[in-house]
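[1] let me see the structure of the following:
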Amino acid sequence: MVDNKIVKKFTVIFAVFLFIISVGSNSYSQKDSSRKVYMVVANKLSLQDLQYMNNLKSIINSGNIGLMNTKGSIGYKGAESYLTINSSSRAYASDDMARAYNLTKENRSLHETRVGTMDKKYEVGNIDINRIIFANAERQYDTYIGALGDSLHSKGLKTAIFGNSDTDEEKIRLGSLIPMDSKGLIDYGNVDDILVKDNSYPYGVRLDYKKILQGINNIKEDTSLFVIDTGDLDRLNSYSLYLNDEMFMKHRENILKELDDFLGKLINNIDKDSILMIVSPSEGEERIDESKLAPVIMYEKDKQKGGILTSGTTRRNGIIANLDLAPTIANYLGTPINSFMGHNINSSSVENNLEFVNKLNEKTNFVSNARSPFLTIYSVITIIFLIVSCLLIYFDRIMNDKIRSVLKYATLFIMSMPLVFLTISLINIKNMVVFAIIALVMALILLFILSLIKDKYKLLFILLLTFLVLSMDIITGSNMTTFSILGYNPIIGARYFGIGNELTGVLMPTMLLATSLLLDNPKIKKYMLVLLPVSIIIVAHPNLGANVGGTISVLFASMIYVLLMIGIKIDLKKMLGICFGIVGCIFILGILDIYINPNPTHLGRMFLMISQRGSMFMTDIIVRKLQMNIKLMGNSIWGKVLCVNIIAMTTLMIISKEKLKRIFEKYKYLFIGIVSSIIGSIVGLLVNDSGVLLSAISSIFITGTIIYSILVNVERV
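    Residues are numbered from 1 along each chain as shown. All right, here's what the predicted structure looks like:
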């Protein structure tokens, strides 16, 4: 039994972490409404294209470059990628909703019929703005359409749009989705008469850059945000079905050189106190680049940078989200930023920013591509292992020492693979076959090391090593987690930093089970309890794990663990008390995140949005989490892993009931570790939008521990 002094120490250590917060960054945050922002939209631009663009390379050398997540509500291209830039959160739109026109007398009348009387003169309007708003009202995100345009208009600043992606058959004005306000209105611009005929270009037309430069000069003094939709790369993309590789590249080179020449002239034409942004709202050209991350360049005239971009959204050097563009523009121009989920874009210097981003793009895409096949293979192997293990344990009579030994090492192999997937990220691998070979070799090396250890220490060794390596990685900057296939995927964009649900599913059970195994030794047991509050801090701290759902799971499991250790019976009343206590802790963390952290995490931003939009925003979050978990249970391999683990655990409890009863009577801390891990996994399933992943991975360690304990009769520390 653990005395009250230990419980008090645990409580004090946990209380301390609530007040540990630290921050810092360099950002585009000069609030001066006289400044100007020029956004050149070069959709379908890829990093490979820079070899044809000397002016752009010069801009990059003097400015900052990064990769941008282009995801909208559903995908990575089309109207929703454009609209998301000008929205509070990921937005949905189809290309036919970008029906922007110059507001002639006829178009103005149509727009006023649909939206209402205009309060002043506007030159461009989207007559289908209400279709966009209605379409987003039915989606999972509570999205404020036209947030950037409204932010600028609220301070009397003017916006402008030039260009389009029209073909000979369709009018495509996606660029207009970026500067419009919530009524679909833009102060100045030209989207109708901005192309010139040129039969050497796809569809026989190209953008008239001379007219754009002239149009910019005409309104330069009055306008704060200029959006130039170059369109020619988009036209080439839709025309590419008619072109062989040679002609496709010939047209592309011509378009890129024209664009590069325009950028050179624009740089010389803009004022000193201005920012130039060059963005590709959608993923790159599929014919030459499979990456869904698009290049984004930011240049501040007369301010030499030569750096890379990041933001509070991603906290990753070289990567930002499309949601970060609008708050950065608004912040730079001194207009409200309260409506945006994104964060201000920051920059940091590197020796060769373009080389850095190229390598980052290559590695990020490899990890993203490797993630699904290797985790699927691991999941299938795990499912087969669980089925075979249950059958062999049931037919215990046919198991000889050799079969038992093989099954023990198979159990350790399954439980060691998350550690392999974490540490292999330190190696720069560019080939799937090489990745598979190295992963297998690393796993075999681990098994060889385990073969040198006594059976009673093997399980403890792999659990404790996994916990310590993962914890140290998070504490020291997540160097392994960032590029692990069990880490977060910046292309998906659900999480960019901290600890995701997959690795929380590793951290929680390894911590609880390793603590249980260590508690058998009376000389060290009182010190091992420190693993519980340390784990909570790692998962909860905004500059470490920053995982709200993971924090609730680990905190809940840790509280159950401590209560069971001191002999308190868990009933409904105590469970409700734990729930209220955790809600209070999360509330305190959220308030601290808002008021102390200049770049609030998901928790702080959630609190801010709830305060602005009311309880419906919280309802949307809950519904979204439920929908995601239901989807993952039905479609994801992890849903199958979780189901098989539940069946395997239940089966083992039935067929080995007497043996497990004797084991748990002899090793009560193991029982406590398993029970608290199961409860933590259930809580993780309920409170996370991808809780299936957390629960499935956690269950692998729980079931693996039960199987190994049965096989060796838990002869250990």
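[2] next SSE after the helix ranked longest in the chain?
    Selection of the longest helix in the chain by residue count, based on DSSP state H, yields helix 353-394. Tracing the chain C-terminally past helix 353-394 and defining elements by DSSP states H and E, one meets helix 401-423 next.
[3] pull the contacting residues for V712.
    K408, D455, K456, L459 (CB atoms under 8 Å, 6 or more residues apart in numbering). Yep, even glycine has a C-beta here, placed from its N, CA and C like the rest.
[4] can we see that at 6 Å?
    Contact analysis of V712 by CB atoms under 6 Å, 6 or more residues apart in numbering lists D455.
[5] tell me the pLDDT at V205?
    For V205, the pLDDT comes out at 94.
[6] pretty sure it is touching I194, no?
    No - the criterion here is CB atoms under 6 Å, and V205 misses it with I194 at 9.9 Å.
[7] these two: which is more packed in?
    Regarding V205 and I194, a neighbour count based on other CB atoms under 10 Å identifies I194 as having more, with 23 against 20.
[8] next one: the longest helix of the chain to chain centre, how far?
    Relative to its chain's centre, helix 353-394 lies at 18 Å (CA atoms, centre = their mean, to the nearest Å).
[9] list the buried residues in the helix or strand harbouring G215.
    Using DSSP H and E, G215 maps to helix 209-219. Judged by neighbour count using 16 or more other CB atoms under 10 Å, the buried positions of helix 209-219 are Y209, K211, I212, L213, G215, I216, I219.
[10] and what of stretch 434-448?
    F435, A439, M442, A443, L446, L447.
[11] excluding chain neighbours, what is closest to the spatially most central residue of the chain?
    Here the mean C-alpha position of the chain is nearest to the C-alpha of R495 (CA atoms, centre = their mean), at a distance of 2.4 Å. Excluding the flanking residues, the one nearest R495 by CB to CB, 6 or more residues apart in numbering is Y488, at 4.0 Å.
[12] tell me if the one you found really is in a helix.
    No - counting by DSSP: H, G, I helix; E, B strand; the rest coil, Y488 is not found in a helix; it is coil.
[13] how many other residues sit next to it?
    As a burial measure, Y488 scores 23 neighbours (other CB under 10 Å).
[14] mind checking pLDDT for it?
    So Y488 comes in at 85 (pLDDT).
[15] just to revisit the earlier point, was I right to think the residue nearest to the centre of the chain contacts G487?
    No - shown here, R495 and G487 do not form a contact pair, counting by CB under 6 Å, at 8.7 Å.
[16] which residues of the stretch 551-700 of the chain score low on pLDDT?
    Flagging of the stretch 551-700 of the chain using pLDDT under 70 yields the residue ranges 574, 585-634.
[17] that older thread, what's the spacing between the helix holding G215 and its chain's center?
    Relative to the centre of its chain, helix 209-219 is centred 39 Å away, using CA atoms, centre = their mean.
[18] that one packs against which elements?
    The contact analysis (3 or more CB pairs under 6 Å, 6 or more residues apart in numbering; DSSP states H and E) places helix 209-219 against strand 158-163.
[19] from the contact counts, what lies against the strand it packs on?
    strand 188-190, helix 209-219, strand 223-229.
[20] reformat these as JSON lines; add mean pLDDT and distance to T113.
    JSON lines is the format used below for the helices and strands packed on strand 158-163 (pLDDT from 0 to 100; distance: least, CB to CB, whole Å):
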{"stretch": "strand 188-190", "mean pLDDT": "95", "distance to T113": "22"}
{"stretch": "helix 209-219", "mean pLDDT": "94", "distance to T113": "27"}
{"stretch": "strand 223-229", "mean pLDDT": "96", "distance to T113": "26"}
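[21] between the ones you listed, which gets nearest to V41?
    V41 sits nearest to strand 223-229 of all the helices and strands packed on strand 158-163, at 4.7 Å, using CB to CB.
[22] what element comes up after that closest one heading to the C-terminus?
    helix 232-239.
[23] that next one vs helix 209-219, what angle?
    140 degrees (axes from the mean of the first three to the mean of the last three CA atoms, to 10 degrees).
[24] and helix 232-239 with strand 158-163, angle?
    40 degrees.
[25] which residues does helix 232-239 contact?
    By CB under 6 Å, 6+ apart, helix 232-239 touches N43, K44, S165, P202, Y203, R206, L207, H251, I255.
[26] one more time with 7 Å, if that's ok
    Identification of contacts with helix 232-239 by CB atoms under 7 Å, 6 or more residues apart in numbering yields 42-45, 165, 167, 201-203, 206-207, 251-252, 255, 285.
[27] same deal with stretch 380-394?
    Contact with stretch 380-394 is made by 399, 403, 407, 410, 414, 640-641, 644-645, 648, 651-652, 655-656, 700, 703, 707, 710, as judged by CB under 7 Å, 6+ apart.
[28] buried ones among those residues?
    If we count by 16+ other CB under 10 Å, the contacts of stretch 380-394 have these buried: 407, 410, 414, 640-641, 644-645, 648, 651-652, 655-656, 700, 703, 707, 710.
[29] using a markdown table, lay out the buried residues of helix 209-219 together with distance to I161.
    Listed next are the buried residues of helix 209-219 as a markdown table, based on distance: CB to CB, whole Å:
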| residue | distance to I161 |
| --- | --- |
| Y209 | 15 |
| K211 | 13 |
| I212 | 10 |
| L213 | 15 |
| G215 | 10 |
| I216 | 11 |
| I219 | 11 |
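[30] returning to that earlier point: out of the buried residues of stretch 434-448, which are inside helices?
    Per DSSP H, helices hold the following members of these: F435, A439, M442, A443, L446, L447.
[31] distance of the second one from L407?
    Plainly put, A439 is 22 Å away from L407 if you go by CB to CB, to the nearest Å.
[32] picking that back up, got the angle between the helix holding G215 and strand 223-229?
    Using the same axes, to 10 degrees, helix 209-219 lies at 170 degrees relative to strand 223-229.
[33] for the stretch 201-350 of the chain, which segments count as strands?
    Listed in chain order, the strands of the stretch 201-350 of the chain (DSSP state E, counting those that start in this stretch) span 205-207, 223-229, 274-279, 293-300, 307-311, 319-321, 345-349.
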